[in-house]
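> Okay, predicted coordinates and the sequence, questions at the end:
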Amino acid sequence: MKTLDYINVRDAQVHGLVNPTFIMYGNCTLKDYSFEVTVDGKVKDVRFLPDLASDNYELTLSLSKDDSKIKVYLVHDGKKELVCTRKNTLMKRIKSKIRTLLQKTARKTKETNNKVKVNTYAIGKEVKYIAKEYHFILTPNRLKQSKRRIKENKKNKNKFLDAYNFLNQKEYLLWLEENEKPFDEHPQFDYNPLISICIPVYNVERKYLAECLDSILNQTYQNFEICLSNDCSTLQETIDTLNEYEKKDSRIKVHHRKENGHISKATNDALNIASGEFIGLMDNDDLLARNALAECVAVLNKNKELDFIYTDEDKMDMKGLRRDPHFKSDYAPDSLLGSNYICHFEIMRKSIVDEIGGFRVGYEGAQDYDIFLRFLEKTTPERVYHIPKILYHWRMIEGSTAATIDSKGYAVEKGRMAVEDALKRRGIKAKVTVHPRVPYYLVRYEYETEPMVSIIIPTKDYADITEQCLKSLFEKTTYKNYEVILMNNNSEKKETFDLFKKYQNKYSNFRVIDANYEFNYSKINNQAVQAAKGEYIVLLNNDTEIITPHWLQVMVGYAMQPHIGAVGAKLLYPDNTVQHAGIILGIGGIAQHCFIDNPREDVGFYGRLSVPFNYSAVTAACLMVSKEKYLEVNGLEEELQVAFNDVDFNLKLLKQGYYNICLNQVELYHYESKSRGDDTVDTNSAKYRRFVQEHDYMKDKWGYMLYSDRFYNPNLSLKKAFVLDKKN
């Protein structure tokens, strides 16, 4: 048999000692195909089942004991190709049975081991907690709370059994061993720009300063200079080290300040002696990966127009071991207003740095954040590039920001000032506050007049669920200028129509529009938008409940920004765990919500459950967008009746150049599809077939985007969100 690059047979065996069955499974990238199976030359009927996750298939065929030779043919494009042959013999079935039993035993052993690990972890963590908090003095109420915490601990541990949790240092180090690849020791480029690494220096120990400078001198790319500004250090070993290295290499320049001016003035002095086309920023105790500059120059050789390049980073503890990686997204302007996610390492075009006047005095502690915000106003997103490789190691010396943000609490306020100033420069009226639990920022856009908002809620019966939604909406919402459009899709029950009348009589801004045709979520909402009076549209599920009273004020502020498309919110399950906080493409075949089941109070790593972040998509269970932008992309795709229509809509907005955003400060409960059920349970149903069609529609239309989500990171898993894959 010849090898075909469009089909893979992962396993094909005859199982069963008494009632033999042939089972074959694998994946096929063809859109339209089928199988023909012959047994001893005769064509047999087989059960062929495509799998919804990517391109998988499964094929089964019942056999008799006398059946011998099985041949499987792939049928496509008018041709038939042999892809598998197997023999049905008693000995082969015995071997298959033994292999199955061994696999089952191994699986059971693994499950048992995992269960022991999970229980040991969860109980051990709780024992430490009650020892610390209660000194082992337990009351019935404390025991009840203990059980709940153990359950949560188990849930959290289970998430990471088949993946590396990169927040665990041991697991991250294992991942590094498996995944860090060798690089070119002698890279050659046509374009070799001079890069000036600018470093302010103040009273740093020789060990750390020398290691920092050596990490630059040992770069595989050698067209650089190091511009050091000594901010009037009083530590003699710092001064001696600067003098030593200045003599060691002519590319090292040292400026000695006559008085201590702090980091902004010192870095500006380093900039003043820099002559490179690009400048890079480093702290005086951190390390560059050996290929950091080469990776940046490789990107510039592909696009010389780039102005700003940044990389992923991690930290280095006092033992010299790496930890706490930051796998960043590509450029995300609203994420950047919430925190300086760019941080290290970056190179910037010096002409723009000079144009904006370098670093500003008065922003010490957040001086990099401030210059990034000002720099990026002078370029365009197309000229900003993210290298998804860890090329900078931030040393966790006691007292450094890398060790703990609390050690430089003033930096948080300076960062807030930098964001507030950025918005003022851009002519945007907004209030910027520090999140109460994490050192990140919340932007509240301000406007004088409340624009009309149309809230669209499709429903079919389930009056109790719908009323819970309506009651919370009308009683909790502090925004005044809105209307509610209830889209009635084939309701039949008296209590439903009684509910309609009740709210029509009670509220003048409530109306019901009939959509009495086969359920099509996209069509229903498109019809409602045409009838909507609002300047802004909210798509809202009938199984939601408002938590945040000022939800509309906040969402409108974001939706009215010219660069923002879809605005989503954090949705919670009734048990106060996360149901939605942004959607990541590629996970589960098409897309998946992230942070599912995390506790409501979890702030999220790097604040991802606390402040707004850009994502490729947000769920239409609660989604706001301007009516103008909704119509610009032709609304929801009506070919997608049930599944993925919101993801498709978000991607159309992205394609138009807009950014989608999830607002984690806005919360709703979501009771998750109670009224419609799961379309994928019965694989022989029309609902299932439609789901397959909609799945295939998305792959055909957006395949090029689904596995390269620019608001995620290619190092992270596509099996689960925000973990690292283990190698099999």
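Cool, got the structure. Numbers count the residues shown, from 1 in each chain.
> okay, CA-based contacts and neighbour counts for the rest of this
Will do.
> gap between residue 711 and residue 334?
11 Å (CA to CA, to the nearest Å).
> anything in contact with each of the two?
Shared contacts of residue 711 and residue 334, defined by CA atoms under 8 Å, 6 or more residues apart in numbering, comprise residue 614.
> and the longest helix belonging to the chain, how far from the chain's centre?
Longest helix of the chain, by residue count under DSSP state H: helix 90-134. Taking CA atoms, centre = their mean, to the nearest Å, the mean C-alpha location of helix 90-134 is offset from the chain mean by 30 Å.
> contacting residues for residue 258?
The neighbours of residue 258, taking CA under 8 Å, 6+ apart as the test, are 231, 232.
> What's the per-residue pLDDT of it here?
At residue 258, the model reports a pLDDT of 93.
> and if you look at residue 678?
pLDDT, residue 678: 50.
> Then the one 10 residues further on?
Residue 688 is assigned a pLDDT of 74 by the prediction.
> ok, now residue 136?
We have a pLDDT of 77 for residue 136.
> give me the number of residues near it?
Residue 136 sits with 12 neighbouring residues when counted by other CA atoms under 10 Å.
> looking at this, it is in a strand?
No: read with DSSP: H, G, I helix; E, B strand; the rest coil, residue 136 is coil and lies in no strand.
> who's in contact with it?
Residue 136 is in contact with residue 130, counting by CA under 8 Å, 6+ apart.
> give me that answer again for 10 Å
127, 128, 129, 130 (CA atoms under 10 Å, 6 or more residues apart in numbering).
> quick one: low-confidence parts of the stretch 51-200 of the chain?
Low-confidence segments of the stretch 51-200 of the chain, defined by pLDDT under 70: 51-55, 107, 110-111, 114, 155-161.
> in what helix or strand does residue 570 lie?
Element membership for residue 570 (DSSP states H and E) is strand 564-572.
> in its sheet, what does that strand sit against?
The pairing partners recorded for strand 564-572 under DSSP bridges are strand 578-580 (antiparallel), strand 622-626 (antiparallel), strand 659-670 (parallel).
> what mean pLDDT does the shortest one have?
Think strand 578-580. For strand 578-580, the mean per-residue pLDDT is 94.
> Could you do the second one as well?
In this model, strand 622-626 has an average pLDDT of 98.
> ok, then the element right after that strand?
Per DSSP H and E, the helix or strand that comes after strand 622-626 is helix 627-632.
> Packing partners of that following helix?
Counting contacts by 3 or more CA pairs under 10 Å, 6 or more residues apart in numbering; DSSP states H and E, helix 627-632 is packed against helix 521-531, strand 536-540, strand 564-572, helix 645-655.
> Including distance to residue 235, mean neighbour count and mean pLDDT, could the ones you listed go into CSV?
Formatted as CSV, the helices and strands packed on helix 627-632 follow (distance: least, CA to CA, whole Å; neighbours: other CA atoms under 10 Å; pLDDT from 0 to 100):
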stretch, distance to residue 235, mean neighbour count, mean pLDDT
helix 521-531, 68, 20, 97
strand 536-540, 60, 25, 98
strand 564-572, 50, 28, 98
helix 645-655, 52, 22, 97
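> Ok, which of the strands paired with strand 564-572 comes nearest residue 528?
strand 622-626 (13.9 Å; CA to CA).
> okay, the closest one in PDB with CA atoms only?
Below are the C-alpha coordinates for strand 622-626, written out as PDB (Å, rounded to 0.1, in the frame of the first residue of the first chain):
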ATOM      1  CA  CYS A 622     -23.500  38.500  26.600                       C
ATOM      2  CA  LEU A 623     -22.000  40.500  23.800                       C
ATOM      3  CA  MET A 624     -22.200  44.200  23.000                       C
ATOM      4  CA  VAL A 625     -21.300  45.800  19.700                       C
ATOM      5  CA  SER A 626     -22.200  49.000  17.900                       C
END
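> Redo the helices and strands packed on helix 627-632 as JSON lines? Include distance to residue 390.
JSON lines is the format used below for these (distance: least, CA to CA, whole Å):
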{"stretch": "helix 521-531", "distance to residue 390": "42"}
{"stretch": "strand 536-540", "distance to residue 390": "39"}
{"stretch": "strand 564-572", "distance to residue 390": "29"}
{"stretch": "helix 645-655", "distance to residue 390": "27"}
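> So which of those is nearest residue 329?
Closest among the helices and strands packed on helix 627-632, once you apply CA to CA, is helix 645-655, at 15.0 Å.
> tell me the angle of the closest one relative to strand 659-670?
Between the axes of helix 645-655 and strand 659-670, defined by axes from the mean of the first three to the mean of the last three CA atoms, to 10 degrees, the angle is 160 degrees.
> coming back round to it: wait, which of the helices and strands packed on helix 627-632 is closest to residue 342?
Minimum separation from residue 342 across the helices and strands packed on helix 627-632 (CA to CA) falls at strand 564-572, 20.2 Å.
> And that closest one, how far out from the chain middle?
Centroid separation for strand 564-572 versus its chain: 14 Å, with CA atoms, centre = their mean.
> same question, stretch 123-138
Distance of stretch 123-138 from the chain centroid (CA atoms, centre = their mean) equals 34 Å.
> next one: stretch 545-552
Centroid separation between stretch 545-552 and its chain, computed with CA atoms, centre = their mean, is 24 Å.
> can I get the CA coordinates of it in PDB?
The C-alpha atoms that make up stretch 545-552 are tabulated as PDB, following Å, rounded to 0.1, in the frame of the first residue of the first chain:
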ATOM      1  CA  GLU A 545     -28.700  36.900  35.300                       C
ATOM      2  CA  ILE A 546     -27.200  40.300  35.800                       C
ATOM      3  CA  ILE A 547     -24.700  40.600  38.700                       C
ATOM      4  CA  THR A 548     -22.900  43.900  38.000                       C
ATOM      5  CA  PRO A 549     -25.500  46.800  38.200                       C
ATOM      6  CA  HIS A 550     -23.400  49.200  36.000                       C
ATOM      7  CA  TRP A 551     -22.700  46.600  33.400                       C
ATOM      8  CA  LEU A 552     -24.100  48.600  30.500                       C
END
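> Excluding its own residues, what touches that stretch? List them.
Stretch 545-552 has contacts (CA under 10 Å, 6+ apart) with 450, 453, 465-482, 538, 554, 558, 569, 571-572, 574, 624, 663, 665-671.
> run the last query once more with 7 Å
The contact list for stretch 545-552, computed with CA atoms under 7 Å, 6 or more residues apart in numbering, reads 468-469, 472-473, 476-479, 666-670.
> For the residues you listed, give me a markdown table that also has pLDDT, distance to residue 196 and neighbour count.
Formatted as a markdown table, the contacts of stretch 545-552 follow (pLDDT from 0 to 100; distance: CA to CA, whole Å; neighbours: other CA atoms under 10 Å):
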| residue | pLDDT | distance to residue 196 | neighbour count |
| --- | --- | --- | --- |
| 468 | 95 | 61 | 15 |
| 469 | 96 | 58 | 21 |
| 472 | 97 | 57 | 16 |
| 473 | 97 | 56 | 18 |
| 476 | 97 | 56 | 16 |
| 477 | 98 | 54 | 18 |
| 478 | 97 | 53 | 14 |
| 479 | 98 | 52 | 18 |
| 666 | 98 | 43 | 22 |
| 667 | 97 | 46 | 23 |
| 668 | 97 | 49 | 23 |
| 669 | 96 | 51 | 23 |
| 670 | 95 | 52 | 24 |
